[in-house]
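Enquirer: predicted structure and sequence below. I'll ask about it afterward.
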Amino acid sequence: MTARGRFISLEGGEGVGKSTQVRALAEALRARGHDVIETREPGGSEGAEAIRALLLSGSEERWGAEAEALLFAAARTDHVDKVIRPAVEAGRWVLSDRFIDSSLAYQGGAGALGLEAVRAINAFGIGPWFPDRTLVLIHPEGAERARARDGEDSDRIGGRPAAYHEAVEAAFRTIAADEPERVRLIDASGAVEVVTRRLLDALADLP
Ligand code: TYD
């Protein structure tokens, strides 16, 4: 029987260096002999990538708060069914750039819906497939870096006002305090290698 793999998500607000760290952490885990796949949300499967385009383009008014949260949850359900569950069951390590905690923080905490409603619709979709560990990158200059990077080109959600993004970070902190076993806050300031080392350290006690 193949040993079960692991499911790890990386989270954080805009501009915290998450994509760079997903790549670096995947390489570091491969160097330790794990079979790692990198994936992302919204997206990660064919159906979920189609939903991603619906969510991130168009005007702010395109979706109401509930429809937006349900679309993220629908995309995630397909991502779990088609990609995450089969890989973990085959013994692979899955590293996802964002997962359920983005919905909790953005739609639940910063948006109007609250954490409980968003947790409930996602639990319906993904069942027991919560990550084994979730690493939330916190960077003091994240918002400024995202503005410098994206300018006027930010997507439908990235372009929301500063207060929304401040609420996202506050919600990530709340989630980490609520679920300290699964969710760890990671200081994302400093050199890339230093941050990757912090991420690896935060996986060291994974059973
Ligand atoms: P993306 O281009 O992947 O941005 P990033 O590099 O910041 O990860 O865009 C994803 C956007 O969607 C980002 O602003 C976060 C947002 N998002 C949600 O609001 N809820 C979710 O459940 C997910 C997965 C992402």
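Expert: Here it is on my side, so go on. Residues are numbered from 1 along each chain as shown.
Enquirer: now for this protein, the helix or strand with the poorest mean pLDDT.
Expert: helix 142-150 (a mean of 90; mean pLDDT, DSSP states H and E).
Enquirer: any idea how far whatever helix or strand comes next after that helix is from the middle of the chain?
Expert: Later in the chain than helix 142-150, the nearest helix or strand by DSSP states H and E is helix 162-178. Remark: helix 162-178 is offset 13 Å from the chain centroid, using CA atoms, centre = their mean, to the nearest Å.
Enquirer: tell me the contacts of the residue nearest the centre of the chain?
Expert: For the chain, Arg98 is the residue whose C-alpha lies nearest the centre (CA atoms, centre = their mean; 1.4 Å). By CB atoms under 8 Å, 6 or more residues apart in numbering, Arg98 lies in contact with Ser9, Leu10, Glu11, Lys18, Arg40, Glu41, Pro42. Yep, even glycine has a C-beta here, placed from its N, CA and C like the rest.
Enquirer: ok, the first one - contacts?
Expert: Going by CB under 8 Å, 6+ apart, Ser9 touches Leu95, Ser96, Asp97, Arg98, Phe99, Ile100, Asp101, Pro131, Arg133, Thr134, Leu135.
Enquirer: SS state for it?
Expert: Here Ser9 takes the strand state, with states given by DSSP: H, G, I helix; E, B strand; the rest coil.
Enquirer: could you find the closest non-adjacent residue to it?
Expert: Phe99 (3.8 Å; CB to CB, 6 or more residues apart in numbering).
Enquirer: roughly how far apart are the one you found and Ala31?
Expert: According to CB to CB, to the nearest Å, Phe99 stands 24 Å off from Ala31.
Enquirer: same question, Leu104
Expert: Leu104 sits at a distance of 32 Å from Ala31 (criterion: CB to CB).
Enquirer: the more surrounded of these two?
Expert: Neighbours per residue (other CB atoms under 10 Å) separate Leu104 from Ala31, with Leu104 holding more: 28 against 9.
Enquirer: contacting residues for the more buried one?
Expert: Taking CB under 8 Å, 6+ apart, we find Leu104 in contact with Leu115, Val118, Arg119, Asn122, Ala171, Ile175.
Enquirer: emit the PyMOL select command for whichever of those are buried.
Expert: In PyMOL, a selection of the buried entries from the contacts of Leu104 looks like this (16 or more other CB atoms under 10 Å):
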select buried, resi 115+118+122+171+175
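Enquirer: identify, from the contacts of Leu104, the entry nearest to Gly5.
Expert: Within the contacts of Leu104, proximity to Gly5 (CB to CB) peaks at Asn122, which comes in at 21.3 Å.
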